[in-house]
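Asker: coordinates for the following, if possible.
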Amino acid sequence: MPRIRQVPRAEAPADVQTIYDMLFGDRDPVAEPGTATGTPGNWWTCFAVVPDCFRHAVAGFGFYRSPDRKLDPGLRELGQLRAGWLRESHFVFSQHCKAARDVGLSEAQIEAVPAWANADCFDAVQRAVLAYTDELVGQNGRVSDATFDDLKAHLSDEEILELTYITALYEMHAIMCRALKLEYDDVPERLVEVPAPEGGGAADFMSGVGRPDEG
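Answerer: Alright, predicted model coming up:
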């Protein structure tokens, strides 16, 4: 379950209810969750806790999908998809596999995103976008001159700003979904201690492999 409360239809402002209508039909999404893409839909019901936050986020979706954007949608989705992977958000990664498919990326390209550097299915501009995303997201914005110069050889300043903004926006969504346990990111902590067999422990482990100073 999400870590914060969800807003049922009856408590949502009129404009939020309009979005609920688009996604859930006439159902109350808290009492009867589920969207057409198979997600629980609790991103929407949790963001509605602060209606201004909900509106701001929805406006961000409108921004990146606007026909006024200079950035190619396929490059946009590569950035979003890679950001979801790097921030380990199952929700963002899964949803943008679908979105990437919708804008023309091939199944081979979608499957290759996790290990793109070893793949041969991306062209020069796609590789430049993926390398930039790795440093933008994976290195917290510490983008090298060489990586940026390669990106700039392919994209205009307008396209670079759009790519940077949209990718960073989806890094934020990936982090928020994990922190609040929304949608597919409602999962147990993966890094936990694995119990030793009964009677075992660190001492037995060390005795089994020998002391560090033994040959």
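Asker: which helix or which strand is home to Asp15?
Answerer: helix 14-24 (DSSP states H and E).
Asker: what kind of secondary structure is Ile4 in?
Answerer: For Ile4, the secondary-structure state derived from DSSP: H, G, I helix; E, B strand; the rest coil is coil.
Asker: in the lengthiest helix in the chain, which residues are buried?
Answerer: Looking across the chain with DSSP state H, the single longest helix is helix 157-180. Applying a neighbour-count criterion of 16 or more other Cβ atoms under 10 Å, one finds 159-160, 162-164, 166-167, 169-171, 173-178, 180 buried in helix 157-180. (C-beta placed from N, C-alpha, C; glycine too.)
Asker: so how far is Pro51 from Ala31?
Answerer: To Pro51, Ala31 is 20 Å away according to Cβ to Cβ, to the nearest Å.
Asker: neighbour-wise, which of the two wins?
Answerer: Legend: neighbour count by other Cβ atoms under 10 Å for Ala31 and Pro51, higher for Pro51 (14 against 9).
Asker: how far away is the more buried one from Leu180?
Answerer: With Cβ to Cβ as the criterion, Pro51 and Leu180 are 17 Å apart.
Asker: mind checking the SS state of Lys70?
Answerer: Under three-state DSSP, the three-state class of Lys70 is coil.
Asker: hang on, it packs against Glu159?
Answerer: Yes: Lys70 lies in contact with Glu159 (Cβ atoms under 8 Å); the separation is 5.0 Å.
Asker: domain-wise, how is this protein divided?
Answerer: Listed by automatic domain parsing, the domain ranges of the chain are 9-63, 70-185.
Asker: just name the most buried of those domains.
Answerer: Of these, the one with the most neighbours on average (mean count of other Cβ atoms under 10 Å) is domain 70-185, at a mean of 18.
Asker: so what does the longest helix of the chain touch, helix or strand wise?
Answerer: In terms of contacts (3 or more Cβ pairs under 8 Å, 6 or more residues apart in numbering; DSSP states H and E), helix 157-180 is packed against helix 51-65, helix 73-86, helix 90-102, helix 124-133.
Asker: so what's Phe88 up against?
Answerer: Residue 88: Glu, not Phe. Going by Cβ atoms under 8 Å, 6 or more residues apart in numbering, Glu88 touches Ala174, Arg178.
Asker: three-state assignment of Ala196?
Answerer: Once three-state DSSP is applied, Ala196 turns out coil.
Asker: got the confidence number for it?
Answerer: On pLDDT, Ala196 comes in at 91.
Asker: and it, how far from Pro188?
Answerer: Ala196 is 20 Å from Pro188, by Cβ to Cβ.
Asker: okay, those two: which has more neighbours?
Answerer: Legend: neighbour count by other Cβ under 10 Å for Ala196 and Pro188, higher for Ala196 (11 against 6).
Asker: now that one: how far from Pro29?
Answerer: 44 Å.
Asker: where in this protein is pLDDT low?
Answerer: Scanning the chain with the threshold set as pLDDT under 70 gives 200-215.
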